[in-house]
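> this one's sequence-less:
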């Protein structure tokens, strides 16, 4: 029989503009008391933008938390509680990739780090693209390139793409495309 975790009490032990860490006193599934530390982050969006030739926009940038590796990813961005995920996705697509889309399909969501964090990432598929204007933030060193889905799958296989949101989004896209055939 499944016994879920039970929260007894919770307190925030660290807070900054991007996330907070809380310490929860819990009853574990084995019935023993324990502590669980949870990172409550800002939710995010991921955008798979596909052009008329079937090429998908990837953005590359240095990712400080994982040793400054240069990471190839789909367009993504965070948003504050209460903001509209689709509006955020549209803004991020133009800012990071310099394109807009006429057609938007919500593919679902994922929890990219559900073992230690509560973040929800909403995934969108953007089509019928038009040129827009990039507006890169000071924390971003973005390069844009386009790859076919097959090339992206090879990049994932070779660990050239390691972003959890990107790999999850590509999986959602494969499921969507399989359903629509």
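On my side now, so go ahead. All of these numbers come straight from a predicted model, not from anything done at the bench. Numbers count the residues shown, from 1 in each chain.

> which element is residue 173 on?
Secondary-structure element containing residue 173, defined by DSSP states H and E: helix 164-179.

> Who are the packing partners of that helix?
Counting contacts by 3 or more Cβ pairs under 8 Å, 6 or more residues apart in numbering; DSSP states H and E, the secondary-structure elements packed against helix 164-179 are strand 43-49, strand 69-73, strand 99-110, strand 121-131, helix 149-157. The way it works is simple: take the backbone N, C-alpha and C, and place the C-beta from them, glycine included.

> what angle sits between it and strand 69-73?
Per axes from the mean of the first three to the mean of the last three Cα atoms, to 10 degrees, the angle that helix 164-179 makes with strand 69-73 is 20 degrees.

> okay, the angle between helix 164-179 and strand 121-131?
If you take the same axes, to 10 degrees, helix 164-179 sits at 80 degrees to strand 121-131.

> List the buried residues for helix 164-179?
Residues 165, 166, 167, 168, 169, 170, 172, 173, 176 are the ones in helix 164-179 that count as buried (16 or more other Cβ atoms under 10 Å).

> most neighbours per residue, which of the helices and strands packed on helix 164-179?
When you average the neighbours per residue for each of those (mean count of other Cβ atoms under 10 Å), strand 43-49 leads with a mean of 25.

> Identify the residues contacting that strand?
Defining contact as Cβ atoms under 8 Å, 6 or more residues apart in numbering, one finds that strand 43-49 is touched by 56-57, 74-79, 81, 85, 88-89, 92-93, 97, 99, 101, 107, 112, 119-127, 129, 165-166, 168-170, 173.

> Could you do stretch 66-85 as well?
Stretch 66-85 is contacted from outside by 18, 41-49, 56-63, 88-89, 91-93, 95-97, 121-122, 124, 145, 155, 160-163, 165-166, 169-170, using Cβ under 8 Å, 6+ apart.

> now stretch 22-32
Counting by Cβ under 8 Å, 6+ apart, the neighbours of stretch 22-32 from elsewhere in the structure are 2-13, 33-38, 40.
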